[in-house]
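Enquirer: Output the structure for:
(one chain, ligands or ions: 2)
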Amino acid sequence: MEDIEMYKKMLEIRKFEEKVYDLFTQNLIPGTMHLYMGEEAVAVGVCAALTPNDFITSTHRGHGHCIAKGASLKKMMAEIFGKKTGYCKGKGGSMHITDKNIGMLGANAVVGGAIPIAVGAGLSCKLKYPERVTVCFFGDGASNQGTFHEGINMASVWDLPVIFVCENNLYAMGTRQSLVMNIEDISERAAGYGIPGATVDGNDVMAVYQEAQRAVTRARNGDGPTLIECKTYRHKGHSRFDPAKYRPQEEVAEWMARDPIESFRYKLLDKGIPEEFLHKIESTVETEIEEAVEFAEESPLPEPEDALKDVWVVE
Ligand SMILES: Cc1ncc(C[n+]2csc(CCOP(=O)(O)OP(=O)(O)O)c2C)c(N)n1
Ligand SMILES: [Mg+2]
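Expert: Residues are numbered from 1 along each chain as shown. Ligands and ions are numbered 1, 2, ... in the order given. Okay, the predicted model is just below:
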């Protein structure tokens, strides 16, 4: 993927979420949300190394993964508005966005819940479509779940084409990593399963892209999984109402100064990309977001008689 396209994708995620945040705080859309703002370089850098046929699994903080894999902004926005035209016909909300047409196997509200799903996808690809890889995104908190250890072990033993991407934003809700782990680099855990592990600056989209490319090549060659830890930081609190008071102000300031989008913009300018060209991309993205909101606002709500359609119930 061209660097300019990566810039545009990161901007789409940021602008989409700024809009969603704005609408949530005005109580214009229901539910809760976990914003990805600040972590855009991870999803975009990794997905830039994938083809449309590859798969990803996501988390509760999934807007960035969906957009980076090519999801429709209109259908995402409509879903968040609870409208019939949304990805889950308005019944799933932010944490259940799924699009099998683009290989997006689903956001997931269960922390660590998508790890076994990615391993299952990896197994079926190994058997049926050996050229395809599956990327599994998860957080630092999820890497303490049993699903992580069981999943990564199975992927290693069976040489599955799965790339484990740990988004280490230093916190699981209000719990700092150092309180629940005696290691600093989660990539060290790869050694325990006999696979390569790498730690990368998760705010540097090119660094993430290059590391992802290495892992993708390995997986496509049948050499098995890789664990990539991306060090990053969320700009907002854990979810809608969290003011994130548990984070030291100096730490927040330090990471805000390393905004992945702003720093990449400087790099593009340094490379000689004209500023007017970037302005053009920025206004195109603004228009795309406005169109997504319009689409969502104008879409109908689901019918009451559809409430039990497309859902599983245990009687
Ligand atoms: C199995 C399970 N346990 C607890 C929760 C509540 N919960 C939601 S998000 C979260 C923290 C996840 O932290 P991390 O994996 O680091 O992801 P981040 O939110 O930082 O992106 C917790 C504990 C949950 N959704 N699922
Ligand atoms: Mg975290």
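
Enquirer: element containing Ser239, please.
Expert: Assigned by DSSP states H and E, Ser239 belongs to neither a helix nor a strand.

Enquirer: Count the neighbours of it for me.
Expert: Neighbour count for Ser239, taken as other C-beta atoms under 10 Å: 14. Every residue, glycine included, has its C-beta placed from N, CA and C.

Enquirer: I figured it hits Thr32, correct?
Expert: Yes: counting by C-beta atoms under 8 Å, Thr32 is a contact partner of Ser239 at 5.3 Å.

Enquirer: So which elements touch whichever strand or helix holds Thr217?
Expert: Using DSSP H and E, Thr217 falls within helix 205-220. On a contact count with 3 or more C-beta pairs under 8 Å, 6 or more residues apart in numbering; DSSP states H and E, helix 205-220 meets helix 3-25, helix 40-47, strand 162-168, strand 197-201, strand 226-231, helix 260-270.

Enquirer: right, and those - which one's nearest ligand 2?
Expert: strand 162-168 (6.6 Å; C-beta to the ion).

Enquirer: Give the closest residue to Gly224 in space, chain neighbours not counted.
Expert: Asp159 (3.8 Å; C-beta to C-beta, 6 or more residues apart in numbering).

Enquirer: circling back to that earlier point, most tightly surrounded among the helices and strands packed on helix 205-220?
Expert: helix 40-47 (a mean of 30; mean count of other C-beta atoms under 10 Å).

Enquirer: Could I get the average pLDDT for it?
Expert: Helix 40-47 shows a mean pLDDT of 98.

Enquirer: contact partners of it?
Expert: For helix 40-47, contacts defined as C-beta atoms under 8 Å, 6 or more residues apart in numbering pick out 6, 9-10, 13-14, 36, 56, 64-65, 67-70, 135, 137, 163, 165, 167, 202-209, 211-212, 228, 230, 232, 260-261, 264.

Enquirer: State the distance from the closest residue to ligand 2 within the chain to Asn108.
Expert: Per C-beta to the ion, Gly139 is where the chain lies closest to ligand 2, at 3.7 Å. Remark: distance between Gly139 and Asn108 (C-beta to C-beta, to the nearest Å) = 11 Å.
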